[in-house]
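In: Okay, structure incoming, though there's no sequence with it:
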């Protein structure tokens, strides 16, 4: 992975089971400038009981039926992966069962994103880690102890690991984003950190990048008016494009430190905007210059204003007209 922040467009199930929508969402992710487009691979019989409760933010239909209706076949997933590759974007999908991991291995994905609800599913984490592939581990609903166990499970197989701060709240209010956790994660496990966002704006992602996040994930939708569990909490294309642009600009800022002592770029600006010592009256050659004879005005191409007191007491070498720059060559040093 390059130094640039890795941006994941999380499509999830926003496609609502439409293969055409899924393809088009890949295209949108490409046009927005994302590095990866991520789906969710749900195999309902392998991951949920039929009477499992629905989350409070989406009561549209039972989870089992929703996952069954919006899922794709292995061949469809492969075609989506090919479509992403053709667009120059990485295809990813989060598994929610060991069987889903097997399917994703068949598809040939290159890395895994562990969703927040699967952090405590250590048997599945072990299956993923055994693939040897890089892992993004989300943290949305886990304690430090649960995350310690997940990190240890993955590290047993020496996978490249990123841990991502996340808050499983839909939408996530600013006061629950938890940017402080980024530094704590990095210190706790000595790993690169990332941020998975459920807030409505871009501010949390941008702040996370400024604080050192090297991977950012945000939900993407055609429109927040779409049906489904995630659309109303996702970014529309214009917002996602703005997010990527902001991340790229922040990365450029962080990778290009400024030397405040290097003023070469401001030479012209300093002459235009700063001020110099000037005369407030006609000063005859041989006169001892007093403070009353001096003022401070633009441009900054003469004796700097900061040296005003050094000019006081000097002797004029030549006649100096009123309201003009006083130059070093016009003066004789102060009499001793």
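Out: Good, I have the coordinates. Being a predicted model, the structure only gives us computed values, none of them experimental.
In: what about the residue sitting nearest the centre point of the chain, helix or strand, and which?
Out: What sits nearest the mean C-alpha location of the chain, by Cα atoms, centre = their mean, is residue 209, with 3.7 Å. Per DSSP states H and E, residue 209 falls inside helix 203-210.
In: can you check residue 217 too?
Out: With DSSP H and E as the criterion, residue 217 is inside strand 215-219.
In: which strands and helices sit next to that strand?
Out: strand 6-12, strand 161-166, strand 193-197, helix 203-210, helix 237-255 (3 or more Cβ pairs under 8 Å, 6 or more residues apart in numbering; DSSP states H and E). (Glycine included, C-beta is placed from N, CA and C.)
In: winner for burial among those?
Out: Mean neighbour count (mean count of other Cβ atoms under 10 Å) peaks for strand 193-197 among those, with a mean of 27.
In: pLDDT value on residue 335, please?
Out: For residue 335, the pLDDT comes out at 63.
In: which residue of this protein sits farthest from its center?
Out: Most peripheral residue of the chain (Cα atoms, centre = their mean): residue 286, 64.3 Å.
In: residues contacting it?
Out: Going by Cβ atoms under 8 Å, 6 or more residues apart in numbering, residue 286 touches 315, 316.
In: Equivalent analysis for residue 25, please.
Out: Contacts for residue 25 (Cβ under 8 Å, 6+ apart) come out as 9, 11, 14, 15, 37, 220, 221, 222.
In: how about the strands in this protein?
Out: Ranges of strands within the chain are 6-12, 36-41, 90-95, 112-114, 135-138, 161-166, 193-197, 215-219, 276-279, 294-297, 315-316, 331-332, based on DSSP state E.
In: any chance of these in a markdown table, with distance to residue 179 and mean pLDDT too?
Out: What follows is those, written out as a markdown table (distance: least, Cβ to Cβ, whole Å; pLDDT from 0 to 100):
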| stretch | distance to residue 179 | mean pLDDT |
| --- | --- | --- |
| strand 6-12 | 18 | 97 |
| strand 36-41 | 22 | 98 |
| strand 90-95 | 23 | 98 |
| strand 112-114 | 20 | 97 |
| strand 135-138 | 15 | 98 |
| strand 161-166 | 7 | 98 |
| strand 193-197 | 8 | 98 |
| strand 215-219 | 12 | 98 |
| strand 276-279 | 46 | 98 |
| strand 294-297 | 45 | 98 |
| strand 315-316 | 61 | 96 |
| strand 331-332 | 56 | 94 |
